[in-house]
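**Q** No sequence on hand, only this structure:
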């Protein structure tokens, strides 16, 4: 099992900020995605886990699939696992310092959607939509069309489109730079 | 990020067998699930990744969610990540020694379904069904009803019900022993 978090992310993980406004939390998630693109350390996706009430960030992640040789190392997965490790619980919903939220620069793919469910976060906040990821060639997988309701029925609130255009700009920068697009269909793996 | 593979699994991971018959591969996945229950190291789920042609096992995993404080540490996730680390590629579909298959003692939940798509395995083989996991209280999440077709359309064949009853017996043993059932709904977390 290997997930190599980029070196540039480590200082922030060691001393994460408190961001009282949710918009600022999303701005950070998108900034992480942009940094990942600019430094060439992975895909155009960033995420963080924060205490909803205080805004204290407890963990963050970026997509490190290629560098880590790990197809599960999406930004949301990295952030959720780091948060659980920090809190010392597999269910963030049971942690005394909660509730926690996942702030993601793009809607979760089907894998990360499942991970959100099992993580115990109380809220999921997204910037770019599935179709924005599709527009540059990424596959989000067979998410059920009613996914927001399905998540809601399990007690998790969903907020969409927070700073969507700022995240779309990072996706477009990634495409313009010719970053690798990888998918279930191996034929789609391209470096453009 | 922490995934503590149980000590009893390590000798097998260090020297994995070659099992020419697919049925024997599933028998091993189910045996791992049973061992995990019997030793109290996690949930009643086992999985492995094998070379389809030769039957060489390249990695295996069991559910270690509770022990690892990691809600993503399902058997399939552990097996896929260990396989990718061993092969040194985030896409098993590009590895020269493929094609690879994931052999899982229970149908994947929605998270693991996504992970299967992104892993590059060519075939998914399952024993117990979603409803068998539901019957003892586990939630598989909002998988689309057409998931087998959705996986198939991405070039991954699915085989269901291979040794289903043997896997169901492990699920029932887990319930009888009172193992913890954890889910998206925190209220459902019980130790019976």
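**A** Nice, I can see it. All figures in this text were calculated on a predicted structure; none of them were measured in a lab.
**Q** Now residue A:122. Nearest residue, chain neighbours left out?
**A** Counting by CB to CB, 6 or more residues apart in numbering or on different chains, residue A:122 lies nearest to residue A:99, which is 3.8 Å off, once chain neighbours are set aside. Just so you know, the C-beta spots here come from the backbone N, C-alpha and C atoms, and that holds for glycine as well.
**Q** which element is residue A:124 on?
**A** Element membership for residue A:124, per DSSP states H and E: strand A:123-128.
**Q** Pull out the buried positions in the biggest helix by length in chain A.
**A** Ranked by residue count under DSSP state H, the longest helix found in chain A is helix A:22-38. For helix A:22-38, a neighbour-count test (16 or more other CB atoms under 10 Å in any protein chain shown) marks A:22, A:25-30, A:32-37 as buried.
**Q** so the residue nearest to residue A:122 makes contact with residue A:124?
**A** No. With contact defined as CB atoms under 8 Å, residue A:99 does not reach residue A:124; the gap is 11.8 Å.
**Q** between the two, which one's more packed in?
**A** residue A:124 (25 against 15; other CB atoms under 10 Å in any protein chain shown).
**Q** need the contact list for that one.
**A** Under the criterion of CB atoms under 8 Å, 6 or more residues apart in numbering or on different chains, the contact list for residue A:124 reads A:101-102, A:104, A:108, A:116, A:151, A:156-159.
**Q** And stretch A:6-22, how far out from the chain middle?
**A** Stretch A:6-22 sits 14 Å away from the centroid of its parent chain (CA atoms, centre = their mean, to the nearest Å).
**Q** show me where pLDDT drops low in chain A?
**A** Scanning chain A for pLDDT under 70 picks out A:1-2, A:184-192.
**Q** in it, which spans are strands?
**A** Under the criterion DSSP state E, chain A contains strands at A:46-51, A:57-62, A:100-106, A:123-128, A:157-159.
**Q** would CSV of the ones you listed with distance to residue A:174 be doable?
**A** Listed next are these as CSV, based on distance: least, CB to CB, whole Å:
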stretch, distance to residue A:174
strand A:46-51, 12
strand A:57-62, 12
strand A:100-106, 11
strand A:123-128, 11
strand A:157-159, 24
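**Q** From residue B:117, how far off is residue A:174?
**A** 21 Å (CB to CB, to the nearest Å).
**Q** of these two, who's got more company?
**A** More crowded of residue A:174 and residue B:117, by other CB under 10 Å: residue B:117, with 27 against 24.
**Q** just checking, residue A:100 touches residue A:54?
**A** No. Taking contacts as CB under 8 Å, residue A:100 lies outside contact range of residue A:54: 10.6 Å.
**Q** what about those two, which has more around it?
**A** residue A:100 (25 against 11).
**Q** helices or strands up against the longest helix of chain A?
**A** In terms of contacts (3 or more CB pairs under 8 Å, 6 or more residues apart in numbering or on different chains; DSSP states H and E), helix A:22-38 is packed against strand A:46-51, strand A:57-62, helix A:75-87, strand A:100-106, strand A:123-128, helix A:164-177.
**Q** If we ignore the residues flanking it in sequence, what's nearest residue A:102?
**A** residue A:121 (4.7 Å).
**Q** Ok, residue A:141 next?
**A** Counting by CB to CB, 6+ apart, residue A:141 lies nearest to residue A:110, which is 3.3 Å off, once chain neighbours are set aside.
**Q** which ones are touching that neighbour?
**A** Listed by CB under 8 Å, 6+ apart, the contact partners of residue A:110 are A:140-143, B:110-111, B:113-114, B:117.
**Q** swap the cut-off to 7 Å and go again
**A** Going by CB atoms under 7 Å, 6 or more residues apart in numbering or on different chains, residue A:110 touches A:140-143, B:110, B:113-114.
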